[in-house]
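>>> Please work out how this folds:
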Amino acid sequence: MLHTLNVSIPSPRQFTYPFCYDVDPLAEAASLELQRYIADADLMSTEKGCGKMFGVLVVEYEDEEGALQRGFLAAYSGLLGGRNDWPYFVPPVFDAQQPDGHFKRTEREISAINREIAAIEHDPEYLQSVEQHEQTKKRLQAEVDAFKAEVDAAKVRRDARRKSGEPLSKEEQAEMIRESQFMKAELRRRRKAMEQAESTLNTQHSTFLKSLQRKRKQMSDELQRWLFSAYRILNAKGEERDLIDIFREYTHAMPPAGAGDCCAPKLLQYAYQHRLRPVCMAEFWWGESPASEIRHHLHYYPACRSKCLPILTHMLKGLDVAPNPLAKKRHTAEPRVLYADEYIMVVDKPAGMLSVPGKAESVRSEFSDSANISVEEYFANLQLPTNSQFTTEQFTIGEADNSKLKTQNSKFLKAAHRLDMDTSGLLVLARTEEAYVELQRQFASRETVKRYEAVLSGVPKHIVGGYGIPAVAIANSCSHLYFYGQGLRQECRSLLRLEPFAIQFAKYSSGCISLPLIADINDRPRQRVDMEHGKPALTLYNIVEVRAVDANTAVACTTKKVDKGRTLIHLYPKTGRTHQLRVHCAHPLGLACPILGDPLYGTERADRMYLHAAELTFRHPVTGETMHFLSPSGF
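Residues are numbered from 1 along each chain as shown. Here you go, the predicted model:
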């Protein structure tokens, strides 16, 4: 399991901070050794799927003569080809794959119950009873609805009689009361009958089916708890705790499925068990990206937070771990005010600054990110003079100066929308509750117009070697041009609320990306594409120019093949999903070119993430005036 590492690279002073790191040269050397082994052994031919996460841990130890030596351990996440016992790699923290072990035996029992449940659910007699039950429910619901209409009509007649001005006899009044009481009682009776019908599917099949489903759930829950308690996790101090205990302390919840089977816990567990001192580590992806996630071949990735943050918080105790880079102040500039009145404020946010105060980590850990200051917090104790104090000539867009701010506690200040921390550009803040509600409504109903500028790592494959494709130019109220390809589906057109348009030709490729997004609950804050459960996400794009890597000059997009380069692109989000533009650019079904410097979905580090909110149009929440702002990125 321990492999030699014959390099003269010095060891780092501190162990790798696993949730955000630049790969240490020593860990990179070990990774290259592992990558050669994976290729030579043709390991991935056994894996059915897109790819796999692999990891290395460089360790130090004393040989038999007492001399200090270095080597490395290797691991893969989860199973590889359905196995967890491959030579060359460390074993799992707990082996649940033994055929005669408790886990596999119980798993087979649960599978047998699943087969019984499936047989009942496909039984003709059961299906017929379900159909009859549904018909009975529909009939009773229709009867209730019809009688409710009668009740409402009778009430209208009684109210009209009382308001007619004609005197009512005691007998007539009593009759009206009796009618009202009777109809209300009858309506309650019919509703109760309908509710009872909801639970009257008590055939022999359904009763047995429910008992099987209860038994399956109980067995599954008990097996999961047994498995989590079997994972006994060590740390550098020699302390041992099971997964349930670890997650109870840090998240107050049960561990998620697959906890303890990632690369980092496997590697550290083996090192502690064999008295090896961890020096540095790294994890990389091998193979094609999954359909939902964004993973790049041979790109290095941090440990996931949902499963590994509680575990590694425990396992790293006793090690000297490098400080969290994300805990440092990440913005190098201050937000610049472009416009302010008594209702709103428009600012140019720098990259590395939050829009709103960050949420507290769900995991209480010394390895959590400390909160960076947000735009809201920055202006919390500052108030900009209103236009009644500064004329428009004195306070033109792009020339506003933070020195005009006076120290005074602001009563209300909320961002009406959000930009990612690593995204720079235009941000609108409301200074009254009423303005906030109206601005939120405009953003939610897609009445605002937004344009982003970005630089992509590489060139989208579909434009390499092309002369430009036909595109549709849509003129909106701000006289901006949006481009999208001919393949736009009808539902997208409806979403965009298109005005009359004219067919034009774009010099470079333009198009539309429609990929539904959902939060990756196993690796927050990442988002993933989910065609079934994801929320609709639509982005228009217009590629402005392609640049060579070694020169900041545009490369004509002609028949000449461009293998490497940078792409300057304008992006027009028509929905506002989290990380929408970043995922749509990076995903294989999108542009397949991540934004330069994107720390989550990218392949290439840079001084910042090259995404900037450059243009914004909205209506003033009080005056209704069209407000249009520009902030060129300079990319």
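>>> only C-alpha atoms for contact and neighbour calcs from this point on.
Noted.
>>> number of nearby residues for Glu453?
26 (other C-alpha atoms under 10 Å).
>>> what's the distance between stretch 283-298 and the middle of its chain?
16 Å (C-alpha atoms, centre = their mean, to the nearest Å).
>>> How about stretch 161-170?
64 Å.
>>> Report the separation between Pro256 and Leu168.
Pro256 sits at a distance of 70 Å from Leu168 (criterion: C-alpha to C-alpha, to the nearest Å).
>>> okay, those two: which has more neighbours?
Neighbours per residue (other C-alpha under 10 Å) separate Pro256 from Leu168, with Pro256 holding more: 15 against 12.
>>> Can you name the residues that contact that one?
Residues in contact with Pro256 (C-alpha atoms under 8 Å, 6 or more residues apart in numbering) are 306-307, 522.
>>> Between those, which sits nearest Pro91?
Distances from Pro91 to the contacts of Pro256, taken as C-alpha to C-alpha, are shortest for Lys307 (18.6 Å).
>>> Could you look up the SS state of the nearest residue to the closest one once chain neighbours are set aside?
Nearest residue to Lys307 in three dimensions, chain neighbours excluded: Ala259, at 5.2 Å (C-alpha to C-alpha, 6 or more residues apart in numbering). At Ala259 the chain is in coil, as set by DSSP: H, G, I helix; E, B strand; the rest coil.
>>> Beyond the helix or strand that contains Ser229, next helix or strand please.
Per DSSP states H and E: Ser229 is located in helix 204-230. Beyond helix 204-230 on the C-terminal side, the first helix or strand identified by DSSP H and E is strand 232-234.
>>> Quick check: buried residues in the helix or strand just after that next one?
Using DSSP H and E, the helix or strand that follows strand 232-234 towards the C-terminus is strand 240-242. Residues 241-242 are the ones in strand 240-242 that count as buried (16 or more other C-alpha atoms under 10 Å).
>>> okay, the contacts of Pro256 in a markdown table with pLDDT next?
Output for the contacts of Pro256, formatted as a markdown table (pLDDT from 0 to 100):
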| residue | pLDDT |
| --- | --- |
| Ser306 | 87 |
| Lys307 | 91 |
| Asn522 | 78 |
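>>> among the residues you listed, which are in helices?
Counting by DSSP state H, the contacts of Pro256 place 306-307 in helices.
>>> Serialize the contacts of Pro256 to TSV and add fields for neighbour count.
TSV is the format used below for these (neighbours: other C-alpha atoms under 10 Å):
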residue	neighbour count
Ser306	20
Lys307	21
Asn522	16
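>>> just to revisit the earlier point, just checking, what packs against the helix holding Ser229?
Applying 3 or more C-alpha pairs under 8 Å, 6 or more residues apart in numbering; DSSP states H and E, we find helix 204-230 packed against helix 102-121, strand 240-242, helix 243-250.
>>> Please tell me how far Asp341 sits from Glu433.
14 Å.
>>> Of these two, which one has the most company?
Ranked by neighbour count (other C-alpha under 10 Å), Asp341 and Glu433 place Asp341 first, with 17 against 13.
>>> ok, and the closest non-adjacent residue to the residue nearest the centre of the chain?
For the chain, the residue nearest the mean C-alpha position is Gln527 (2.5 Å; C-alpha atoms, centre = their mean). Counting by C-alpha to C-alpha, 6+ apart, Ala519 is the residue found nearest to Gln527 once chain neighbours are left out, at 4.4 Å.
>>> need the contact list for the one you found.
Contact analysis of Ala519 by C-alpha under 8 Å, 6+ apart lists 525-528.
>>> so the lengthiest helix in the chain versus helix 102-121, what angle?
Looking across the chain with DSSP H, the single longest helix is helix 124-163. Relative orientation of helix 124-163 versus helix 102-121 (axes from the mean of the first three to the mean of the last three C-alpha atoms, to 10 degrees): 70 degrees.
>>> and the helix or strand following helix 124-163, average pLDDT?
Where DSSP H and E defines the elements, the next helix or strand beyond helix 124-163 is helix 170-198. For helix 170-198, the mean per-residue pLDDT is 90.
>>> now the farthest one out in this structure, which residue is it?
In the chain, Ser169 marks the outermost C-alpha relative to the chain mean, sitting 68.9 Å out by C-alpha atoms, centre = their mean.
>>> how far away is that residue from Ser292?
From Ser169 to Ser292 the distance is 74 Å (C-alpha to C-alpha).
>>> just for this protein, where's the confidence low?
198-205, 359-371, 381-410, 462-508, 550-564 (pLDDT under 70).
>>> Where do the helices of it begin and end?
Secondary structure of the chain, counting by DSSP H: helices at 25-41, 102-121, 124-163, 170-198, 204-230, 243-250, 263-273, 305-315, 375-378, 433-444, 490-496, 580-586.
>>> what about Arg178, how many residues close to it?
Arg178 has 12 nearby residues by other C-alpha under 10 Å.
>>> so Glu625 makes contact with Thr617?
No - counting by C-alpha atoms under 8 Å, Glu625 stays clear of Thr617, with 10.5 Å between them.
>>> Comparing the two, which residue is more hemmed in?
Thr617 (17 against 10).
>>> That one contacts Ser631, doesn't it?
No - using C-alpha under 8 Å as the test, Thr617 is too far from Ser631 to be in contact (11.9 Å).
>>> Report the buried members of the contacts of Ala519.
For the contacts of Ala519, buried by 16+ other C-alpha under 10 Å: 526-528.
>>> I'd like to know which of those residues are part of strands.
The strands, defined by DSSP state E, take in 527-528 from the buried ones among the contacts of Ala519.
>>> Looking at the buried ones among the contacts of Ala519, which is nearest Ser45?
The nearest one, if we look at the buried ones among the contacts of Ala519 relative to Ser45 and count by C-alpha to C-alpha, is Arg528, at 25.6 Å.
>>> Pull out the buried positions in stretch 291-308.
Of all the residues in stretch 291-308, those buried under the rule 16+ other C-alpha under 10 Å are 291-296, 298, 300-308.
>>> let me fix that: stretch 530-539
530, 535-539.
>>> any residues touching it, and which ones?
For stretch 530-539, contacts defined as C-alpha under 8 Å, 6+ apart pick out 292, 492, 512-518, 571-577, 580-581, 584.
>>> Span of that stretch from start to end?
Terminal-residue distance, stretch 530-539 (C-alpha to C-alpha): 16 Å.
>>> on that earlier part again, my guess is the residue nearest to the centre of the chain contacts Thr578, does it?
Yes - Gln527 is within contact range of Thr578, at 7.3 Å (criterion: C-alpha under 8 Å).
>>> Next one: the closest residue to Lys329 other than its chain neighbours from Leu611, what distance?
In space, Lys329 comes closest to Asn372 once its chain neighbours are excluded; the distance is 6.1 Å by C-alpha to C-alpha, 6+ apart. Counting by C-alpha to C-alpha, the gap from Asn372 to Leu611 is 19 Å.
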